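Q: Sharing a sequence plus its predicted fold:
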Amino acid sequence: MDFLELSKERYSVRKFSEKKVEAEKLEKILEAGRLAPTAKNSQSQRIFVLQSPAALEKINEATPMAYKAPVVLMVCYDSNQSYKNPSDTAYTYFPCGQYDGGEVDAAIVTTAMMFQAAELGLGSLWARGFDAKKITDAFGLEPNLHLVCLLDIGYPAADSAPSPRHGDRKALSETVQYL
């Protein structure tokens, strides 16, 4: 399947089967994330693979956004290693007073893993509707590790279906300008 077709067919899975994700498929997904581009090749992403019963119980207690997937990737970035742009000081909301590329890098890495999962016949959900502090406290993450999202991965349940909004896309003319 070509990339545009994969992009059209992939949807956010919110109901997973109990089938385990094969180790070789998970490794391929993680490798796609490792190979994803990051600012100045900082590779500040830190991915925590939650698949043990204890880890999955902990994440499912901390948030409903794990959707009881058999694998949940906690995608974080390490602010001690993320790229900072010293000439871009318009981002006063960053603690360092300058642009910090860690969150964008983690998003790029997550996207690469999400599409690799789809190519392998797995479903996924990029989840962000949670209390990050609750999750980072539950897993004892260091303060320099910033949770960006969860990537729930598994085989879609037989009755899993795309959201009714899945096919809603604006025309290119609404989102793109040629200058």
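A: Good, I have the coordinates. Because the structure is predicted, anything quoted here is derived from the model rather than measured.

Q: going forward, measure contacts and count neighbours with C-alpha atoms only.
A: Will do.

Q: how much distance is there from the top helix by length along the chain to the middle of the chain?
A: Criterion DSSP state H: the longest helix present in the chain is helix 102-119. Centre-to-centre, helix 102-119 and its host chain are 6 Å apart (Cα atoms, centre = their mean, to the nearest Å).

Q: now do stretch 167-176
A: 23 Å.

Q: Can you tell me how far E5 is from L56?
A: For E5, the distance to L56 (Cα to Cα, to the nearest Å) stands at 32 Å.

Q: Tell me which other helices or strands the longest helix of the chain touches.
A: When contacts are defined as 3 or more Cα pairs under 8 Å, 6 or more residues apart in numbering; DSSP states H and E, helix 102-119 sits against helix 3-9, helix 23-35, strand 45-50, strand 71-78, strand 123-127, strand 145-154.

Q: who has more neighbours, E5 and L56?
A: L56 (19 against 9; other Cα atoms under 10 Å).

Q: list the contacts for the more buried one?
A: Neighbouring residues of L56 by Cα atoms under 8 Å, 6 or more residues apart in numbering: 50, 68, 70-72.

Q: ok and whichever strand or helix holds it relative to strand 45-50, angle-wise?
A: Counting by DSSP states H and E, the element that carries L56 is helix 53-62. Helix 53-62 and strand 45-50 are oriented at 100 degrees to each other (axes from the mean of the first three to the mean of the last three Cα atoms, to 10 degrees).
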